[in-house]
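> take a look and give me a structure for this.
(4 chains)
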2 protein chains.
Amino acid sequence: MTTPAADAEDRKLLAALALALVDQPRASLQELARAIGISKATLYRFCRTREQLIERLMQHCTQVFSDAIRDASLDTAAVPDALRQLTASHLEHRELTAFLMYYWKDALRDPCVEEGWDAALDAFFLRGQQEGVFRIDIPAPALAEIWVSMVIGLVDAERRGRVARAGLPGLLERAFLQGTARQ
Amino acid sequence: MTTPAADAEDRKLLAALALALVDQPRASLQELARAIGISKATLYRFCRTREQLIERLMQHCTQVFSDAIRDASLDTAAVPDALRQLTASHLEHRELTAFLMYYWKDALRDPCVEEGWDAALDAFFLRGQQEGVFRIDIPAPALAEIWVSMVIGLVDAERRGRVARAGLPGLLERAFLQGTARQ
DNA sequence: ATCCTATGAATCAATTTTGATTCAAAAGAT
DNA sequence: ATCTTTTGAATCAAAATTGATTCATAGGAT
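Residues are numbered from 1 along each chain as shown, chains lettered A, B, ... in the order given. The predicted structure is shown next:
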């Protein structure tokens, strides 16, 4: 059954699993299941092996962030708007954002996973430079890396209770665009 | 024998292990040893269990970064200078920086590890705000988190070949203080 | 050349993890 | 209320990991 409801359930499970995997990368499948409040057997029915689980999560990330990139109109919308939208999407799917960063290196070993995500980001930041929004004395890939670092860093900080959830989007935008120096 | 040479060897091993542990958190001790070019037996002689290894690395981090914080005179030196010095230290020990971030949550579960590191950072950024160096519409803990995120994010990006190693300190300072917006 | 030490390969028992299955109970649908 | 589906607990063999040891040898120091 591939009902919309089942898909929503799956997405919840995947988000919880992403979180648990980032939280305790060395957890056994047993512990992983417990961590998200299901039995080992149910986790097994969802994904038979850990490898399958990671792959499924990766594919889900690809799906979600492809949508996010499309929704943000990275290649057409006004750069500040697109950036805001992109940030919002990544904060909305913070578990997947964290997971993607955490397991990105594994994905790179496995060349099948889409190259598109960071390429799209690079292109976006390059456009932002060409349109005079971003400074040009920092390479576009570095801009992308800085933005991603701040997103996952602050998402993680929020999880640890170090920053408030409420103001995150604004905080990110200010710190990223204007920096932390006074005036 | 606790000769200085042996200590230097140990530090090299610890740095390599930190890197390997961040790279492949789920590696077996066998794989871990291989990853840093030693045999399982030698790794065993260095640390009998994984737990011992993590603990030793944590203590080493505590040591190294306590020194770094002291050397940067976080509570007395001019804030921009201290920040520069702090960044330099963390870049110098990039493997440990990455490891510390990666295993920070584990350290928090284990209350024995020093609380001092992030407390010292918070205090420093707060002082920077009081002295008018940092903007005050971002809480000091958030400033600390943003700085740490950028450091480890860019260190990681450098490892992946996404940013050049050469300009890292300057890149960090510009992006952190002035932001990424043009002018 | 001769020690001495450090290393790596191999082995081994004990424990843990994995992948799979079975069965009874709980949850949902009709 | 009955039927169907989903879940969790328990079990189990196979595989992997761990912690420990032994032995041969490669390298360094004298």
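> can you count the residues close to A:Leu143?
Residues within reach of A:Leu143, counting by other Cβ atoms under 10 Å in any protein chain shown, total 24. From N, CA and C alone the C-beta is placed, and that goes for glycine too.
> for it, report the pLDDT, please.
A:Leu143 is assigned 98 on the pLDDT scale.
> which helices and strands does the helix or strand containing it pack with?
Per DSSP states H and E, A:Leu143 falls inside helix A:140-159. In terms of contacts (3 or more Cβ pairs under 8 Å, 6 or more residues apart in numbering or on different chains; DSSP states H and E), helix A:140-159 is packed against helix A:79-92, helix A:94-109, helix A:116-130, helix A:168-173, helix B:140-159, helix B:168-178.
> any idea which of these scores lowest on pLDDT?
helix A:94-109 - the lowest mean pLDDT of these, at a mean of 84.
> who does that helix touch, helix- and strand-wise?
helix A:4-23, helix A:50-71, helix A:140-159.
> the helix or strand just after the first one vs DNA strand C: in contact?
Spelled out, that is helix A:4-23. Following helix A:4-23 in sequence order, the next helix or strand is helix A:29-35 (DSSP H and E). Yes - for helix A:29-35, a contact with DNA strand C is found by Cβ under 7 Å from any atom of the strand, at A:29-30.
> contacts for helix A:29-35 next, please.
A:17, A:20-21, A:23-24, A:27, A:39-40, A:42-44, A:50 (Cβ atoms under 8 Å, 6 or more residues apart in numbering or on different chains).
> thinking again about what came up before, quick one, which of the helices and strands packed on helix A:140-159 is packed in tightest?
Neighbour counts (mean count of other Cβ atoms under 10 Å in any protein chain shown) averaged over each of these peak at helix B:140-159, with a mean of 23.
> and the angle for that helix with helix B:4-23?
90 degrees (axes from the mean of the first three to the mean of the last three Cα atoms, to 10 degrees).
> how far does helix B:140-159 sit from its chain's centre?
10 Å (Cα atoms, centre = their mean, to the nearest Å).
> again with stretch A:35-54
21 Å.
> show me what counts as buried in stretch A:10-19.
Residues of stretch A:10-19 classed as buried: A:13-19 (neighbour count, 16 or more other Cβ atoms under 10 Å in any protein chain shown).
> could you dump it to CSV, C-alpha only?
This file holds the C-alpha atoms of stretch A:10-19, laid out as CSV (Å, rounded to 0.1, in the frame of the first residue of the first chain):
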residue,chain,number,x,y,z
ASP,A,10,7.4,6.7,6.5
ARG,A,11,8.7,10.2,6.4
LYS,A,12,8.2,10.5,10.2
LEU,A,13,10.1,7.3,10.6
LEU,A,14,12.9,8.4,8.3
ALA,A,15,13.3,11.7,10.1
ALA,A,16,13.4,10.0,13.5
LEU,A,17,16.0,7.5,12.1
ALA,A,18,18.1,10.3,10.7
LEU,A,19,18.2,12.0,14.0
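> quick one: residues in contact with that stretch.
Here stretch A:10-19 makes contact (Cβ under 8 Å, 6+ apart) with A:32, A:36-38, A:46, A:53, A:56-57, A:60, A:93, A:95-96, A:98-99.
> can you say which of those residues are buried?
A:32, A:36, A:38, A:46, A:53, A:56-57, A:60, A:93, A:95-96, A:98-99.
> quick one: which of the residues you listed is nearest B:Leu86?
For the buried ones among the contacts of stretch A:10-19, the residue nearest B:Leu86 by Cβ to Cβ is A:Ala98; the value is 25.5 Å.
> residues in contact with the residue most central in space within chain A?
Centroid-nearest residue in chain A, with Cα atoms, centre = their mean: A:Thr97, separated by 1.7 Å. Counting by Cβ under 8 Å, 6+ apart, A:Thr97 makes contact with A:90-91, A:151-152, A:155.
> rerun at 7 Å
A:90, A:151-152, A:155 (Cβ atoms under 7 Å, 6 or more residues apart in numbering or on different chains).
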